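Asks: Build me a structure from this.
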Amino acid sequence: MLAFVLPLLIAPFAGSFLGVLIVRLPEQRPVVLARSACAACGTPLGPLDLVPLASFALQRGRCRYCGEPIGWFHPAVELAALGVSVCAVLACRTPQQVWAGCLLGWMLLALGWIDALWLLLPDALTLPLLLAGLGVAIVTAPDTVFWHALGAASGYLGLRAVAATYRLLRGREGMGAGDAKLLAAAGAWLGIGALPWVVLLAALAGLAVAGVAAIAGRPVHATTALPFGAFLAVSFWLVWLYGSAWGLP
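Replies: Numbers count the residues shown, from 1 in each chain. Alright, predicted model coming up:
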């Protein structure tokens, strides 16, 4: 039982770290070594200011030094990380699967959020994720390593080919290399057979977002930049978590 409860207890702290990662990594600022400080007054935050969710609630969303609003970004990331853990606990049968689902989900949460904010998928996250997928395949199912490696290669080369074709036809960039690396990571974790489903779900999510934007009065045009990596991250995690239940390969 503890093996299933512990990820839920750790999740807000993981989310707190992810919030720092999402903000600092794209700006190439130190993620671990630099202390957190109030964005308004610059006062370094102490341990009591950094307790996930609880500090925000007790301080009523304001800095206890200057009284300025903190904002919902960090609590939102912490809650999202907790949601990832809840889904992993409900969907997985063994402690190993729960931890794998949490760690994968947290990494994809950071990648998706960064792409949504910055239209960027850092190599510092995508490449370790790819290697981790191959490593998990080697340890848990060595007879499938070839198909996972083939999935990684196919995911990368497939999206790079799509990007090259788009650039040739339109004369401008339409998809970054980060998207291809993320799909390569999906192939490493899921194997080649699941890649079409990852791409399909990501495309459907993109269309849904475009539809909602149009309804809200902000129509998406051919030149509108969309964070396709964020949609890939969500579909990647959902296929890993629920693919077997859906009967996917």
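Asks: how about the lowest-mean-pLDDT helix or strand in the chain: buried residues?
Replies: Scoring the helices and strands of the chain by mean pLDDT, DSSP states H and E places helix 54-58 at the bottom, with a mean of 88. Residues of helix 54-58 classed as buried: 55-56 (neighbour count, 16 or more other Cβ atoms under 10 Å). Quick note: C-beta positions are derived from backbone N, CA and C, even for glycine.
Asks: residue ranges for the helices of the chain, please.
Replies: For the chain, applying DSSP state H gives helices covering 2-24, 54-58, 73-91, 95-118, 123-140, 145-170, 177-190, 195-215, 228-242.
Asks: any chance of these in TSV, with distance to residue 46 too?
Replies: Output for these, formatted as TSV (distance: least, Cβ to Cβ, whole Å):
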stretch	distance to residue 46
helix 2-24	14
helix 54-58	10
helix 73-91	16
helix 95-118	25
helix 123-140	28
helix 145-170	43
helix 177-190	36
helix 195-215	39
helix 228-242	33
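Asks: okay, the ones you listed, which one's buried deepest?
Replies: helix 177-190 (a mean of 26; mean count of other Cβ atoms under 10 Å).
Asks: how distant is it from the center of its chain?
Replies: 12 Å (Cα atoms, centre = their mean, to the nearest Å).
Asks: Which strands or helices does that helix pack on?
Replies: Here helix 177-190 touches helix 95-118, helix 123-140, helix 145-170, helix 195-215, helix 228-242, going by 3 or more Cβ pairs under 8 Å, 6 or more residues apart in numbering; DSSP states H and E.
Asks: Which among these is found nearest to residue 59?
Replies: Proximity to residue 59 (Cβ to Cβ) singles out helix 95-118 among these, at 23.3 Å.
Asks: Check which helices and strands the closest one is in contact with.
Replies: helix 2-24, helix 73-91, helix 123-140, helix 177-190, helix 228-242.
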